[in-house]
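Undergrad: please find the sequence and the predicted model below.
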Amino acid sequence: MEKKVSAILLAAGGSTRMGLDADGKRINKLLEPLCGMNAIERCVLRFAALADELVIAASEQNLFAAQKAALLSSVPVTIVPGGERRQDSVLNGLKAAKHEIAAIHDCARCLVTEEVIAKAIASAREYGSGVPAINVRDTLRRAGTGETVERDGLVRMQTPQCFDREKLIEAYAQAGSVTDDAAIWQGVYGQVRLTAGSPVNEKLTERDDVGFFKRLIRGESEMRIGIGEDTHRLVEGRRLILGGVDIPYRLGLLGHSDADALIHAVMDAMLGAAAMGDIGRHFPDKDPAYEGISSLILLEKVNEMLKKNGFAVSNIDAVVIAQEPKLAPFIDEMRKKTADALGVGIDRIGIKATTPEHTGPEGNSECITVRAVACIRG
Ligand code: MG
């Protein structure tokens, strides 16, 4: 029987070379949105397709993000605490893992391809080790002395570094302080087997890398557009909730959930872009589980469904058609709540309101209608 694989995803690094954001806080590279999905989520999706289980070694600050990312996995996920050093995190992961092959991967390499992973795993199954590497293409020079370093025979090591798990644990017991698992393996068992790496399997390290990574993701992915529309009747005795914001008004929207027509239109636009049906199919209004539920919770679920299928929201635009009340004071809060539910920046969410000049049912305050478009990538 083919040896099973535990992917050990490292999400405990310090992001020391990322610098500070506008508020002076250190940027956490693993939590940066990269075209709608962060690095941990991208790695979970990639490895869930090829491994039999995932073990995420997460620092305390990345714990919540790891738990959220775990929801995207189609295979079992265990989360373990990260350690002081990289190798401490790896060892925690190795001990929690169950299968014969360990594929140890830095989540900062979130653009890793299935091909790179598959080749390294295949090598470990056959020879005990498999580590992706690529040739050095650039001229290398020491900055201090200007001396050129001979690049022939030099390779750049990548991850996932894949090994026979039990043998690696034994090697760890004898290891000093090292930069990667290949060095630990080599100290005990000799050279590792090198497999084909990829130039896109770079490590998100510095701030400028974020833009570069986004360009790579956009270049690889397809853009898709969806449309959504929703109308709810305005009645007395109901709250008016739009974009997750409770808006004071004498009438409210009638419906099974909180009747948030804005979020409903957005969800339908997202599902439409992914050709995944509509909200009526996924959240039937006969189902008591959805009675009175906040539509923002449903929006998070829809976002998760899209991500599981490899899609991420690029941007949303919506227009609310209502004669009353004045919505302008609430627009930014609606954008913020929508953006937070989707895990994207507020600059990705457009919401506008228009009055229909007292024409039609919206103009007579019989109902509110919302139209939305979603652009997604996948
Ligand atoms: Mg609706």
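TA: The structure has been received and is ready for your questions.

Undergrad: you'd agree residue 199 is in a helix?
TA: No - counting by DSSP: H, G, I helix; E, B strand; the rest coil, residue 199 is not part of a helix but coil.

Undergrad: give me the neighbour count for it.
TA: 12 (other C-beta atoms under 10 Å). For glycine as for every other residue, the C-beta is placed from the backbone atoms N, C-alpha and C.

Undergrad: just checking, it touches residue 136?
TA: No - applying C-beta atoms under 8 Å, one finds residue 199 not in contact with residue 136, separated by 11.4 Å.

Undergrad: how about whichever residue of the stretch 101-250 of the chain sits closest to the ion, secondary structure?
TA: In the stretch 101-250 of the chain, no residue comes nearer to the ion than residue 230, which is 4.2 Å away by C-beta to the ion. For residue 230, the secondary-structure state derived from three-state DSSP is strand.

Undergrad: close enough to count as contact, residue 213 and residue 204?
TA: Yes - taking contacts as C-beta under 8 Å, residue 213 lies within contact range of residue 204: 5.9 Å.

Undergrad: any common contacting residues for those two?
TA: Both residue 213 and residue 204 are in contact with residue 110, where contact means C-beta atoms under 8 Å, 6 or more residues apart in numbering.

Undergrad: now residue 63: how far from the ion?
TA: Going from residue 63 to the ion by C-beta to the ion, to the nearest Å gives 35 Å.

Undergrad: mind listing what the closest residue to residue 235 other than its chain neighbours touches?
TA: Excluding the flanking residues, the one nearest residue 235 by C-beta to C-beta, 6 or more residues apart in numbering is residue 254, at 4.6 Å. Contact partners of residue 254, counting by C-beta under 8 Å, 6+ apart, are 232, 233, 234, 235, 238.

Undergrad: and what of residue 63?
TA: With C-beta under 8 Å, 6+ apart, residue 63 has these contacts: residue 79.

Undergrad: which non-adjacent residue is nearest whichever residue of the stretch 51-200 of the chain sits closest to the ion?
TA: Relative to the ion, the nearest point of the stretch 51-200 of the chain is residue 71 (24.7 Å; C-beta to the ion). Nearest in space to residue 71, with sequence neighbours left out and distances taken as C-beta to C-beta, 6+ apart, is residue 304 at 5.8 Å.

Undergrad: and the one you found, how many neighbours does it have?
TA: 14.

Undergrad: quick check: it vs the ion, distance?
TA: Separation of residue 304 from the ion (C-beta to the ion): 20 Å.

Undergrad: so that residue is in which element?
TA: Following DSSP states H and E, one finds residue 304 within helix 295-308.

Undergrad: avg pLDDT for that helix?
TA: Across helix 295-308, the average pLDDT comes to 96.

Undergrad: if you count neighbours, what's buried in that helix?
TA: The neighbour-count check on helix 295-308 (16 or more other C-beta atoms under 10 Å) flags 295, 296, 298, 299, 300, 301, 302, 303, 305, 306, 307 as buried.

Undergrad: try stretch 127-138
TA: Of the residues in stretch 127-138, those buried (16+ other C-beta under 10 Å) are 128, 129, 130, 131, 132, 133, 134.

Undergrad: and for stretch 240-251?
TA: So, applying 16+ other C-beta under 10 Å, buried residues of stretch 240-251: 240, 241, 242, 243, 244, 245, 247, 249, 251.

Undergrad: was I right about the second one contacting residue 260?
TA: Yes - contact criterion C-beta under 8 Å: residue 241 and residue 260 qualify, at 4.8 Å.

Undergrad: tell me, what's touching those two both at once?
TA: Common contact partners of residue 241 and residue 260 (C-beta under 8 Å, 6+ apart): 253, 294, 295.

Undergrad: what is the nearest of those residues to residue 342?
TA: residue 295 (12.7 Å; C-beta to C-beta).

Undergrad: check contacts around the closest one.
TA: 241, 244, 257, 258, 259, 260, 263, 264, 267.

Undergrad: so which of those residues is the most crowded?
TA: Ranked by neighbour count (other C-beta under 10 Å), the contacts of residue 295 have residue 263 at the top, with 32 neighbours.

Undergrad: for the residue of the stretch 1-150 of the chain found nearest the ion, grab the count of nearby residues.
TA: Proximity of the stretch 1-150 of the chain to the ion (C-beta to the ion) peaks at residue 36, 23.9 Å away. Using other C-beta under 10 Å, residue 36 has 25 neighbouring residues.
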